[in-house]
Each structure stands twice: as C-alpha cells, then as structure tokens.
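Q: Could you work out the structure for the sequence below:
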Amino acid sequence: MLPITVPADFRIIAHRGASAYAPENTLAAFALAKEMGIAEIELDTQLTTDSQVFLCHDTTLERYGHGNRNVESCRSTELVGLDMGSWFSPHHFAGEPILTLGCLFQNFGSGFRYHIELKGKAPSLPDTVIDRIEAFDLASHCFLTSFSLDHLLRVKTIDSSLQTGWLIHEIDDRAMNRAEKADLFQICPRAHQVTPQTVIRAREVAQEVRAWGLKGSHIQVLALISSGSARKLRRGYHRLAGLAEESLRVPPLYREWCSRMNVPDGKCIPPRLTASARFRVSR
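A: Okay, here's the model as predicted:
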C-alpha cells in the first residue's frame with residue numbers, strides 16, 4: 001500500500017535539497033526540504049580561485065545556462081548573484097542565486113544534518129570546508145563525503161573526529177583494503193552494488209553503509225526498501241538518490257499523507273504519481 005512508512009532509523013536525505021521541486025543546491029531547495037520535514041540534506045561543494053566555497057554539482061556552469069565556465073576557475077565575484085533558478089523554471093525561480101556554504105549554514109545552522117560532498121578537485125577544498133564548519137560550530141552536524149580518498153585523508157589529518165564517507169562504484173577487496181586504512185565512518189556504494197553480502201563486507205571496515213545512485217521504477221525502489229538488503233542497511237544512512245526526485249511530494253499533500261498514515265513528517269514516502277515526476281518549466 002502506498003504511501004509506505006519507513007523504520008524510525010531509516011534516514012531520508014534530501015538530495016541537493018528538495019531538488020525535484022526547486023533548483024538543486026539553492027536556498028529554495030533546502031527551505032522546501034525543511035518544510036517537508038526532512039532532517040538531513042546532501043550538497044556539493046567546490047572552491048573558487050579566491051578560496052570561497054560555493055554549492056554546485058556540475059564541474060561547469062553550462063547546464064545552468066551560464067556557458068562552459070569551470071566553477072573552480074572562477075573568482076567568487078564572478079559567481080555571487082549568479083541566477084541558478086531560471087534553468088529549472090524561469091517562472092518560479094528566476095533570480096534564485098548561487099549559494100555559498102557559509103550562507104547555507106547561516107540560514108539553517110543546526111537545523112539540518114549536512115552530508116557535504118567534496119565535489120571539487122582543488123587540494124585546499126577540505127581545509128576551507130572545515131574552516132566554514134568550525135566557524136559555525138557544526139562539526140557534530142556534518143558528514144564529509146567524496147569520491148576522492150585523498151580529500152578524505154586530508155580531512156582526517158586536519159580533524160580525526162570528523163565523520164567521513166567514501167563514495168565508491170564497487171565494493172571489492174581493493175576498495176575495502178584502502179577504506180580500512182582510511183578510518184572511514186561510511187562506505188557509500190552505488191545502489192546496484194547493495195546486497196546483504198556487500199553490506200556485511202563493507203561494515204567490516206566502516207560503521208555505516210549509505211547507498212547512492214538509485215534509479216528505476218517506484219516498484220524497484222520499494223523492493224529495495226523492503227528487501228533483506230535494505231534491512232541490512234537500516235543502521236546505515238540511505239541516500240536513495242532519486243527517491244526524492246521520483247516521489248511527487250508537494251508539501252500540503254505530503255503532510256496530508258503523513259497525517260493519514262499517523263507518522264511524523266519526513267518518515268513517510270508518498271506514492272510516485274508519474275514515471276518522470278520532476279517539475280520543470282521549459283524556457
């Protein structure tokens with residue numbers, strides 16, 4: 001029966017904010033996630049040439065309508081005020097500005113748990129992100145993740161108490177051997193790698209397992225949640241990437257579903273109403 005409830009220890013993480021309904025990595029997307037009752041968000045960080053941390057997923061600004069400029073080749077003055085909303089919907093989000101990590105923290109403080117991906121390649125990105133975290137006293141509210149093990153090792157060098165997660169494509173012996181030496185808190189495999197056996201293997205070297213890159217129909221999503229492998233993952237963090245995008249969750253209706261199911265906001269996954277329920281208005 002839809003919507004379905006999830007266990008109390010199942011964490012729903014808003015992927016780049018409520019990015020199905022507002023432009024990703026913007027204040028609008030994170031504010032909407034908060035309105036939906038979501039307690040944890042994922043975001044992407046990159047570093048400008050003058051050492052400012054901006055939130056942007058893509059290496060370049062092309063998808064957002066600003067040409068093939070590399071984000072990490074820009075100065076902060078080139079990015080401040082950049083319209084990151086019109087590509088998504090010029091009618092609803094025109095002028096929604098690009099966001100800095102500091103601005104995100106200033107607006108939400110300890111109101112979220114932050115899954116901060118060190119997306120950029122700049123060697124000093126970990127240092128600068130940690131500086132921002134410390135400036136707002138949010139270390140206990142942050143996870144630092146990356147595909148770059150070097151970034152994560154740098155994090156541990158700066159502050160060994162920070163929780164880190166390595167985004168990987170495969171759970172194999174080579175990856176697990178490297179992970180064990182890195183003292184990671186999370187292993188974050190691609191969703192299609194998640195089986196009871198791979199979860200057991202990953203938890204030998206890290207406390208938690210968090211999947212990413214889940215794709216497919218709502219039936220496949222529900223099957224993963226209700227399968228034995230999903231139950232194996234319940235103690236870890238599920239970032240079911242695409243779950244938020246593939247579930248049509250406008251806040252009033254979402255809250256009505258939660259009320260009907262007698263579950264708190266953020267602990268109910270409502271039905272996915274269309275095959276591609278991602279609201280965008282063509283320019």
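
Q: make it CA atoms for all contacts and neighbour counts henceforth
A: Will do.

Q: From the contact counts, what lies against the longest strand belonging to the chain?
A: The strand that spans the most residues within the chain, counting by DSSP state E, is strand 40-47. Applying 3 or more C-alpha pairs under 8 Å, 6 or more residues apart in numbering; DSSP states H and E, one finds that strand 40-47 contacts strand 13-15, strand 53-55, strand 113-118.

Q: hey, which of those strands is tucked in deepest?
A: strand 13-15 (a mean of 28; mean count of other C-alpha atoms under 10 Å).

Q: CA atoms only for the helix or strand following it, dumped as CSV, please.
A: Next in sequence after strand 13-15, counting helices and strands by DSSP states H and E, comes helix 27-35. This file holds the C-alpha atoms of helix 27-35, laid out as CSV (Å, rounded to 0.1, in the frame of the first residue of the first chain):
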residue,chain,number,x,y,z
LEU,A,27,18.3,28.2,-0.7
ALA,A,28,14.8,27.5,-2.2
ALA,A,29,15.6,23.7,-2.4
PHE,A,30,16.8,23.5,1.1
ALA,A,31,14.0,25.6,2.6
LEU,A,32,11.5,23.3,0.9
ALA,A,33,13.2,20.2,2.3
LYS,A,34,12.9,21.8,5.7
GLU,A,35,9.2,22.5,5.1
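
Q: tell me which strands and helices helix 27-35 is in contact with?
A: Partner elements for helix 27-35 (3+ C-alpha pairs under 8 Å, 6+ apart): none found.

Q: tell me the angle of it relative to strand 40-47?
A: 160 degrees (axes from the mean of the first three to the mean of the last three C-alpha atoms, to 10 degrees).

Q: starting at the chain centroid, how far to helix 27-35?
A: 13 Å (C-alpha atoms, centre = their mean, to the nearest Å).

Q: Can you list the low-confidence ranges for the stretch 51-200 of the chain?
A: Applying pLDDT under 70 to the stretch 51-200 of the chain picks out no residues at all.

Q: can you give me the strands for the chain?
A: 4-5, 13-15, 40-47, 53-55, 113-118, 142-146, 163-168, 186-189, 208-209, 268-269.

Q: okay if I get those as a markdown table plus distance to residue 66?
A: Formatted as a markdown table, the strands of the chain follow (distance: least, C-alpha to C-alpha, whole Å):
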| stretch | distance to residue 66 |
| --- | --- |
| strand 4-5 | 40 |
| strand 13-15 | 23 |
| strand 40-47 | 17 |
| strand 53-55 | 15 |
| strand 113-118 | 22 |
| strand 142-146 | 26 |
| strand 163-168 | 28 |
| strand 186-189 | 31 |
| strand 208-209 | 36 |
| strand 268-269 | 35 |
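
Q: separation between residue 73 and residue 62?
A: To residue 62, residue 73 is 14 Å away according to C-alpha to C-alpha, to the nearest Å.

Q: So for those two, which residue has more residues nearby?
A: Applying other C-alpha atoms under 10 Å to residue 73 and residue 62 shows that residue 73 carries more neighbours, namely 15 against 12.
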